[in-house]
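# could you look at this predicted model? Sequence included:
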Amino acid sequence: MSAEIGTNIQRATSLLQAGEIVAIPTETVYGLAGNALDPKAVAQIFSAKNRPSFDPLIVHVPNYQCWDLYAQDIPQEATALAKKIGPAPVTYILPKKDCIPDLVTSGHPTVGLRIPNHSTALTLLNTLDFPLAAPSANPFGFVSPTTAQHVNEQLGKVIPYILDGGSCSVGLESTIIDFTKAQPKVLRLGGFEVEELESLLGSTLTVQNSSSNPSAPGMLVSHYSPGIPLKLGNVSQLLNSETQENIAVISLNKTFDDPRIVETLRLSPTGNIQEAATHLFSALRAIKKTKATIILAEKFPEQGLGLAINDRLQRASKG
Ligand code: TXA
Ligand code: MG
């Protein structure tokens, strides 16, 4: 059985208004959405994803002007940033208001608000009179989906409708910034470059992108499981010590000469990191369908989106 896939925003609206959950497109990855103010809808999201209840959900809203319905004591620098960048792959952690159920935030006094930069998602959010709680639309621990078909392969059996908005233009989840402390802190590297955020905020950001960080409980080390072992590093060196016979390689644009390589996925033949980011998760999925028994991934340059790509590959290597 699979879900219905379509571009009918009205259909998604009706289902969401009836308390159902629907997969929606965003510029980062597809989300599994439900009414963030309705604990029953939120509970369905956790159960469809098999997600542990300690891992809070991001709440999607159409603009920053409505933030004060759901958050309080919002620091001026958070609003100023949202005003500057508009809808973007950024999640703002803010002190929550009581209307946001504890289930959404896993009991934390904070809520993650995000304004997705995707026209379908924004139209949907503007037609609803409630915000949408939406984690990435994959079973817990697996690779995030960047097309409607990816969602269908993994969750088609448990959701009624997938709103199709095409391939995600960013391909990595949002960058999460905690604005509840004196100094804003990055809790997850993602689709918006830290360097650009620092220049917009006019200050240096601490990056606390670790699995042991109690303020970002979902950042488990072993996320993004590709189903087979993955090693991250210098592929030429990794090949020298590798004993497996069927090897898949992921690189920015390099190729490697070794008869054991059954698949090489160059994420951007022109060496463009942004393009590479959009192809990362579909590459991890594609490798599953080959006879490769191990993935060797070339470490990306440690700057800009390269940092977020290395973060996801690092976690995939622990899966
Ligand atoms: O790009 C994205 O952020 C996508 C799309 C669908 O918007 N969503 C996404 O959701 O990646 P998810 O659930 O896969 O990851 C959400 C992360 C988790 O690691 C969770 O711990 C963190 O956000 N998070 C959510 N609310 C939080 C809060 N109040 N405090 C700290 N971390 C929070
Ligand atoms: Mg996720």
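Arrived safely. Residues are numbered from 1 along each chain as shown. Ligands and ions are numbered 1, 2, ... in the order given.
# ok, so what distance separates residue 157 from residue 163?
17 Å (C-beta to C-beta, to the nearest Å). (Glycine included, C-beta is placed from N, CA and C.)
# scratch that, residue 89 is what I was asking about
19 Å.
# and residue 145, by the same measure?
13 Å.
# give me the residue from the stretch 51-200 of the chain nearest ligand 1.
residue 135 (2.9 Å; C-beta to the nearest ligand atom).
# what number of residues lie near that residue?
23 (other C-beta atoms under 10 Å).
# for it, which non-adjacent residue is closest in space?
residue 57 (5.2 Å; C-beta to C-beta, 6 or more residues apart in numbering).
# that neighbour: what's it in contact with?
36, 42, 45, 104, 105, 112, 133, 134, 135 (C-beta atoms under 8 Å, 6 or more residues apart in numbering).
# repeat that with 7 Å
42, 45, 104, 133, 134, 135 (C-beta atoms under 7 Å, 6 or more residues apart in numbering).
# which residues does the nearest residue to residue 141 once chain neighbours are set aside contact?
Spatial nearest neighbour of residue 141, excluding adjacent residues (C-beta to C-beta, 6+ apart): residue 225 at 5.4 Å. By C-beta under 7 Å, 6+ apart, residue 225 lies in contact with 141, 142, 316, 319.
# from the contact counts, what lies against the strand or helix carrying the third one?
In this structure, residue 316 is located in helix 305-317 according to DSSP states H and E. Taking 3 or more C-beta pairs under 7 Å, 6 or more residues apart in numbering; DSSP states H and E as the contact definition, the neighbouring helices and strands of helix 305-317 are strand 230-233, helix 273-288.
# go again with 10 Å.
strand 175-178, strand 185-188, helix 194-201, strand 230-233, strand 247-251, helix 273-288, strand 294-298 (3 or more C-beta pairs under 10 Å, 6 or more residues apart in numbering; DSSP states H and E).
# distance to ligand 1 added to those, as JSON lines?
Formatted as JSON lines, the helices and strands packed on helix 305-317 follow (distance: least, C-beta to the nearest ligand atom, whole Å):
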{"stretch": "strand 175-178", "distance to ligand 1": "5"}
{"stretch": "strand 185-188", "distance to ligand 1": "6"}
{"stretch": "helix 194-201", "distance to ligand 1": "15"}
{"stretch": "strand 230-233", "distance to ligand 1": "19"}
{"stretch": "strand 247-251", "distance to ligand 1": "21"}
{"stretch": "helix 273-288", "distance to ligand 1": "11"}
{"stretch": "strand 294-298", "distance to ligand 1": "21"}
